[in-house]
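Participant: Provide a 3D model corresponding to the input given below.
(2 chains)
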Amino acid sequence: MDISRRELLTQCSKLLLLTGTAAKAFDSARRAPNPADAYQMAEHWWGMIIDIDKCIGCGNCVRACSKENGVPEGYFRTWVERYQVTEDQEHPLVESPQGAINGFPPATREDVKSFYVPKLCNHCVDSPCVQVCPVGATFVSPDGVVLVDPDYCLGCRYCVQACPYGCRFFNPEKKIADKCTLCYHRITKGLTTACCEACPTGARQLVDLKNPKDPVHEFLRENKVQVLKPQMATGAKVFYKDLDGSVR
Amino acid sequence: MTGIDGYMYPNEVELQWGLLIVIYPYITGLVAGAFILASLERVFKVEAVRPTYRLALLTALAFLLVAPLPLQLHLGHPERSFEMYVTPHRSSAMAMFGFVYLWYLLAVLLIEVWLEYRADIVGFAKSQRGTRRWIYKLLTLGSENVSPASRRVDDEVGYVVTVIGIPSAFLLHGYVGFIFGSVKANPWWSTPLMPIVFLFSAMTSGIAAVLALYMISMKLRKAAIDMRCVDMVAKYLFYMFVIDFSLEMLDLVQRTYEADESFRSLDFMVHTRLWASQVVIQIVLGTLAPLAVLAATQLWTFAGVLRRRLYLGASILTLIGIFAMRWNVVIGGQLFSKSFLGYTTYKVQFAAREGLLPAVALLILPFVLFVLLVKLLPPWQEDKATPA
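Facilitator: This next block holds a predicted model:
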């Protein structure tokens, strides 16, 4: 068979094109859909509910968070406080040894009201930290999570000063502001946060306030719920059930 | 944990803003205060303070050039600081710093200094030799016309710039006060009085700095001190200080009387960790003592030498007192927990990036710049026949 060089090259190109397209189509059909691709930010509004009475102060959440997010030692994206309150509510004994990463030593007193309070970023709607960031490196995502852009943050620490809850810290390794991301890398894939997953009693639960089927609606309807420091008017989205008045 | 009393949120143990952020409002305060003193002569025609006019401008310029350095050193990523110009976040009190700073430097101070010195610069460009000649030639910006008509224009434009400069100086430092005063999470800072307290303390410290620099410069030059001038400057210092102290006391009385949820915690802090820096250094040594001295000079007439010494002593005490005030605002605001249940300690490191060494260097640098500026643009006018 006589074939010119030109025809040979044309036929080869066609073959490559067809097989390449077919292979890509096959791959695409075979691959499982990535949940992150399907994630629609506008359909969610994240928050958390915390049932104080269920928290046993084990520190699992702190350890899980630290491991999941590579939190530098001595700093905390979440921590647990133990309150021991006498009748004098103004001076409760509060402790959180190493953020309770190793839990708590036995309580020193028996004659007091004692309970544990898990803390994390409240992912406020009107976040003071977002307001003060001079370059907008800290922002609220459309699904209601307060995040820090690590490539944009100046490290001025104004946001750390502005947070009324002490939830932010200056990451000494990255030299930027750091905080709870509500495990954004997990929740956008349909998972829950590391702290919620590790909680043995279900004291903390990630909730989607925009999802009409989320149990949060019943929780908010049926319980006496409070946010931390309501006088700060930050629009906090971490809701505590049975929060004692002594908690700061 | 060492240095901790009671309960601090775990992330609060470490202070975020240290010595460098104490220096920043101190320096901007000196700039604003020195400029306001300069404007007294220019706008309000207080002729007696004329000998300090140029000195005040150069003091303001020297300190203004250093003002952004403590912030740059403090930032985790100083290389990203230009982002504040490129993409400022409009809701942030801090985002405007770059613009306020540049406005004040470029639109007010540099123009005013240039207009004031233009005739001298043209003169130097003709009389000097070698490199100095070229420096002055460059500084003329190509304008060598110093005819009486053109000097009149300089004077009129200079007047307008100063009139713009007064609110700008107020803005510069009132704004620094707002950076602190608007942090609602921190009851030690959060008060609408903060910008105005910062403003009056700025004027007090700026006037004290110029008064001290004037007297020290004249002593070093072995020139006669214009007593009419220092008497007048000291009088303004006294008035400003009385207003500043009254405002601070008003804040204190209000806090004590209201006694909100933070009061016990703050009160405890003032009586313990801030006792030395707030009560002893700021209030007694840095405010009541210089106020008493200044009041005495207003009530009685002392001999020239004693008066000068009293003024110098009062100025230096004032400068120490205002520095202590900045310390107590910045550091004091971070020593207590936002839970109001505990207190931490601030330990100044020495040779660290935000330590004592760079802080001292940053406090000396404006004086070095001041000496250089004085050499480049001599402010002395007593032997000049024609005032600019």
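Participant: so where is chain A shaky, pLDDT-wise?
Facilitator: Low-confidence segments of chain A (pLDDT under 70): A:1, A:26-36.
Participant: list the residues that contact whichever residue of it sits closest to chain B.
Facilitator: For chain A, the residue closest to chain B is A:G155, as judged by CB to the nearest CB, at 1.9 Å. (C-beta placed from N, C-alpha, C; glycine too.) Taking CB atoms under 8 Å, 6 or more residues apart in numbering or on different chains, we find A:G155 in contact with A:170, A:175-177, B:75-77.
Participant: which of those fall within strands?
Facilitator: When strands are assigned by DSSP state E, the members of those inside them are A:170, A:176-177.
Participant: let me know how buried residue 98 is, in neighbour terms.
Facilitator: Because you didn't say which chain, this covers chain A. Here the number of neighbours of A:Q98 (other CB atoms under 10 Å in any protein chain shown) works out to 15.
Participant: sorry, I should have been clearer: chain B.
Facilitator: When counting by other CB under 10 Å, one arrives at 19 neighbours for B:G98.
Participant: so which bits of the helix or strand containing B:P290 are buried?
Facilitator: Using DSSP states H and E, B:P290 sits within helix B:289-299. By 16 or more other CB atoms under 10 Å in any protein chain shown, the buried positions in helix B:289-299 come out as B:289-291, B:293-294, B:297.
Participant: distance between that helix and the chain's centre?
Facilitator: Distance, stretch centre to chain centre, for helix B:289-299: 22 Å (CA atoms, centre = their mean, to the nearest Å).
Participant: excluding chain neighbours, what is closest to B:L317?
Facilitator: Setting aside the residues directly before and after it, B:L317 is nearest to B:P290 in space (CB to CB, 6 or more residues apart in numbering or on different chains), at 4.2 Å.
Participant: I figured that neighbour hits B:L319, correct?
Facilitator: No: using CB atoms under 8 Å, B:P290 is not in contact with B:L319, being 9.3 Å away.
Participant: so what's whichever residue of the stretch 1-150 of chain B sits closest to chain A up against?
Facilitator: The shortest separation between the stretch 1-150 of chain B and chain A is 1.9 Å, found at B:G76 (distances taken as CB to the nearest CB). The contact partners of B:G76, taken as CB under 8 Å, 6+ apart, are A:153-157, A:170, A:174-176.
Participant: circling back: where does the residue of chain A closest to chain B sit: helix, strand or coil?
Facilitator: With DSSP: H, G, I helix; E, B strand; the rest coil as the basis, A:G155 sits in coil.
Participant: tell me how far the residue lying closest to B:I4 once chain neighbours are set aside lies from chain A.
Facilitator: The shortest distance from B:I4 to any residue that is not its chain neighbour, by CB to CB, 6+ apart, is 5.5 Å, and that residue is B:T344. In this structure, B:T344 and chain A are 11 Å apart, going by CB to the nearest CB, to the nearest Å.
Participant: list the residues that contact B:T344.
Facilitator: The contact partners of B:T344, by CB under 8 Å, 6+ apart, come to B:3-4, B:8, B:12-15, B:334-337.
Participant: can you give me the strands in the chain?
Facilitator: Reading this off chain A. A:46-51, A:78-85, A:93-95, A:113-120, A:138-140, A:146-148, A:169-171, A:176-178, A:204-208, A:225-226, A:238-241.
Participant: let me rephrase: I mean chain B.
Facilitator: Along chain B, counting by DSSP E, strands occupy B:5-6, B:342-343.
Participant: now find how far off-centre the last one is within its chain.
Facilitator: Taking CA atoms, centre = their mean, one finds strand B:342-343 lying 31 Å from the centre of the chain it belongs to.
Participant: just read off the phi/psi values of the residue most central in space within chain A.
Facilitator: Compute the mean C-alpha point of chain A, and by CA atoms, centre = their mean the closest residue is A:L182, 0.8 Å away. Note on A:L182: its backbone torsions stand at phi 60, psi 30 [degrees, to the nearest 10].
Participant: would you agree it is in contact with A:T193?
Facilitator: Yes: at 5.9 Å, A:L182 and A:T193 qualify as touching, with contact defined as CB under 8 Å.
Participant: where is the longest helix in the chain?
Facilitator: Assuming you mean chain A. When chain A is scanned for its longest helix (criterion: DSSP state H), the result is helix A:5-30.
Participant: correction: the question concerned chain B.
Facilitator: Scanning chain B for the helix with the most residues, using DSSP H, yields helix B:148-181.
Participant: A:Y152: neighbour count?
Facilitator: Using other CB under 10 Å, the number of residues around A:Y152 comes to 17.
Participant: what's near enough to touch it?
Facilitator: When contacts are counted by CB under 8 Å, 6+ apart, A:Y152 touches A:135-137, B:80, B:83.
Participant: can you name the residues that contact the closest residue to B:S217 other than its chain neighbours?
Facilitator: In this structure, B:S217 finds its nearest non-sequential neighbour in B:L55, 6.9 Å apart by CB to CB, 6+ apart. Residues near B:L55 by CB under 8 Å, 6+ apart: B:210, B:213-214, B:217, B:379.
Participant: burial measure for the closest residue to A:K224 other than its chain neighbours, as a count.
Facilitator: The shortest distance from A:K224 to any non-neighbouring residue, by CB to CB, 6+ apart, is to A:D242 (6.5 Å). Taking other CB under 10 Å as the neighbour definition, A:D242 ends up with a count of 14.
Participant: against A:D111, how distant is A:D242?
Facilitator: As defined by CB to CB, to the nearest Å, A:D242 lies at a distance of 21 Å from A:D111.
Participant: what's the answer for B:I320, then?
Facilitator: Relative to A:D111, B:I320 is positioned 51 Å away (CB to CB).
Participant: more neighbours, those two?
Facilitator: Legend: neighbour count by other CB under 10 Å for B:I320 and A:D111, higher for B:I320 (19 against 7).
Participant: what does the model give the closest residue in space to the more buried one that isn't next to it in sequence for pLDDT?
Facilitator: Distance criterion CB to CB, 6+ apart; nearest residue to B:I320, sequence neighbours excluded, is B:G286 at 5.0 Å. Among the per-residue scores, B:G286 holds a pLDDT of 97.
Participant: show me the contacts for B:G286.
Facilitator: Going by CB under 8 Å, 6+ apart, B:G286 touches B:317-318, B:320-325.
Participant: do B:G304 as well
Facilitator: Contacts of B:G304 by CB under 8 Å, 6+ apart are B:M227.
Participant: what does B:F200 give?
Facilitator: By CB under 8 Å, 6+ apart, B:F200 lies in contact with B:240, B:243-244, B:247.
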